[in-house]
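From the sequence below, what's the structure:
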Amino acid sequence: MKTLILVAALATGGMALAMPARADVKAGVDAWSRGDYRKAIDEWRPAAIKGDPDAQFNLGQAYKLGRGVPVDLPIAESWYRKAAMQGHLQAEDNYGLILFDEGKRTDAVRWLERSATRGEPRAQLVFGTMLFNGDNVSKDWPRAYAFILRSAAQGQPRAPQVQAQMDQYLSPEDRQKGMVLSRQYEADEKRPQLPPEIAGAGTQTAIRGTDLPPSAYDPGARPAPLAVTPRQDGPKAPPHAAVPDAPRGRPTPPPRPQPAPTLAGNGRWRIQLGAFRDEGNARGLWQSVQGRLPGLQPYYVKSGAVTRLQAGPLASGAAATRACGAARTSCVPVAP
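Numbering: from 1, shown residues only. Down below sits the predicted model:
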């Protein structure tokens, strides 16, 4: 039985503000921005009880972060749920993550999958690892790899490490399927979204990101489930307080082609494309990427039981960086 990945991740609290749809919610956002958290909560609570999803989300953030009230994750979860059930997208993101953090993984799957499919990088990291490990979902390694690639592409700090771990176990065929799926997911994320049914929901913005400790895996034992304490953003800001995300429906300019790697017969720089316990997987990966790296040759570097796939020679660190961009897979420059 192949050893699966053990990933441990811990995220820290953050803050962003919500676009209010009512005057009392706006007053709460203003109070929050001044640091008067108690006043903000007093403004939001009546609106939240009446069903305003922005106010419900903001109360969830306050209880998650412990601003103006003691930290209380069950209460935060309940407010996230109320807003999520009304279609509040940021509440959906945080609700799935907090369910996962509290060990309610069966309940979390639905929300994490929705968020990951929509392009939320934290959810992509968590849900992708669940798919790889078969944690409350059926194992699907190509799909897992696709979500991790998308999370890494959006700057999730530990996603590249998880990707490198997956590279040790995926066949070239599964890896290629995952890369194709990743490009499909990226295109889906850029498609225009249907108009929200909730007033004000279409103007929500949030600061995304998280701070995760290094991932790890145990090659000698079945892994424990992925454990994530999700980062929850703070209440959302009005338009004048934050730069909104670019509309999803805006046409995306075509990507600029990567410059061809600068080759040098006597260069000493290389790039590393992966580390594998099975040398056959290293050779398989080279077969799949060599067409994107014309003029480079593979090096199968032994390090104990691991074979590192490197390619070169390259004239400089800048050339190695460009070659990594051309490879379009997990890659790091290797200095002489």
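
Going by residue numbers, what spans are strands in this structure?
Per DSSP state E, the chain carries strands over the ranges 8-10, 227-229, 269-276, 297-303, 306-314, 332-334.

Tabulate the ones you listed in JSON lines, adding columns for mean pLDDT and mean neighbour count.
(Glycine included, C-beta is placed from N, CA and C.) Rendered in JSON lines, the data for those read as follows (pLDDT from 0 to 100; neighbours: other CB atoms under 10 Å):
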{"stretch": "strand 8-10", "mean pLDDT": "36", "mean neighbour count": "19"}
{"stretch": "strand 227-229", "mean pLDDT": "37", "mean neighbour count": "19"}
{"stretch": "strand 269-276", "mean pLDDT": "83", "mean neighbour count": "23"}
{"stretch": "strand 297-303", "mean pLDDT": "90", "mean neighbour count": "13"}
{"stretch": "strand 306-314", "mean pLDDT": "87", "mean neighbour count": "21"}
{"stretch": "strand 332-334", "mean pLDDT": "78", "mean neighbour count": "18"}
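
between these, which one is nearest to Gly60?
strand 227-229 (15.3 Å; CB to CB).

In the protein, mark out all the helices, start to finish.
Applying DSSP state H to the chain gives helices spanning 23-33, 37-49, 53-65, 73-84, 89-101, 105-118, 121-133, 141-153, 159-167, 172-189, 279-289, 317-327.

Dump the C-alpha coordinates for the first one into CSV.
Put plainly, it is helix 23-33. Extracted in CSV, the C-alpha atoms of helix 23-33 (Å, rounded to 0.1, in the frame of the first residue of the first chain):
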residue,chain,number,x,y,z
ALA,A,23,-27.2,51.6,7.8
ASP,A,24,-26.7,49.8,11.1
VAL,A,25,-24.3,47.4,9.5
LYS,A,26,-22.4,50.3,8.0
ALA,A,27,-22.2,51.9,11.4
GLY,A,28,-20.8,48.7,12.8
VAL,A,29,-18.1,48.6,10.1
ASP,A,30,-17.2,52.2,10.9
ALA,A,31,-16.9,51.4,14.6
TRP,A,32,-14.8,48.3,13.8
SER,A,33,-12.5,50.4,11.7
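
Okay, angle between it and helix 53-65 too, please.
30 degrees (axes from the mean of the first three to the mean of the last three CA atoms, to 10 degrees).

Return the set of buried residues in helix 23-33.
Neighbour counts over helix 23-33 (16 or more other CB atoms under 10 Å) mark 24-32 as buried.

per-residue confidence at the residue nearest the centre of the chain?
With distances taken as CA atoms, centre = their mean, Pro121 lies nearest the centre of the chain, 2.3 Å away. pLDDT for Pro121: 95.

Kindly present the strands of the chain as a markdown table, with separate columns for distance to Met130.
As requested, the strands of the chain are arranged in a markdown table below (distance: least, CB to CB, whole Å):
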| stretch | distance to Met130 |
| --- | --- |
| strand 8-10 | 12 |
| strand 227-229 | 10 |
| strand 269-276 | 23 |
| strand 297-303 | 30 |
| strand 306-314 | 26 |
| strand 332-334 | 26 |
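
so which of the ones you listed gets nearest Ala47?
strand 227-229 (28.5 Å).

just to revisit the earlier point, quick one: the helices of the chain as TSV, columns for distance to Gly304 too.
Converted to TSV, the helices of the chain look like this (distance: least, CB to CB, whole Å):
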stretch	distance to Gly304
helix 23-33	53
helix 37-49	53
helix 53-65	44
helix 73-84	43
helix 89-101	35
helix 105-118	35
helix 121-133	24
helix 141-153	25
helix 159-167	16
helix 172-189	22
helix 279-289	13
helix 317-327	24
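
Determine which of those helices approaches Ala305 most closely.
Among the helices of the chain, helix 279-289 sits nearest to Ala305 (CB to CB), with 10.2 Å.

Report how many residues lie close to Glu173.
Neighbourhood size, Glu173 [other CB atoms under 10 Å]: 12.

Next: the one 10 residues further on.
Under the neighbour criterion other CB under 10 Å, Arg183 is assigned a count of 14.

hang on, the earlier thing: what residues does the residue nearest to the centre of the chain make contact with?
150-151, 154-156, 159, 208 (CB atoms under 8 Å, 6 or more residues apart in numbering).

Then Pro46?
Counted by CB under 8 Å, 6+ apart, Pro46 has contacts Asp24.

Any stretches of the stretch 1-150 of the chain with poor pLDDT?
Within the stretch 1-150 of the chain, the segments meeting pLDDT under 70 span 1-22.

again, 90 this time
1-26 (pLDDT under 90).

circling back to that earlier point, can I get the buried residues of helix 23-33 in a markdown table including distance to Glu77?
Formatted as a markdown table, the buried residues of helix 23-33 follow (distance: CB to CB, whole Å):
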| residue | distance to Glu77 |
| --- | --- |
| Asp24 | 24 |
| Val25 | 21 |
| Lys26 | 25 |
| Ala27 | 26 |
| Gly28 | 20 |
| Val29 | 22 |
| Asp30 | 26 |
| Ala31 | 24 |
| Trp32 | 20 |
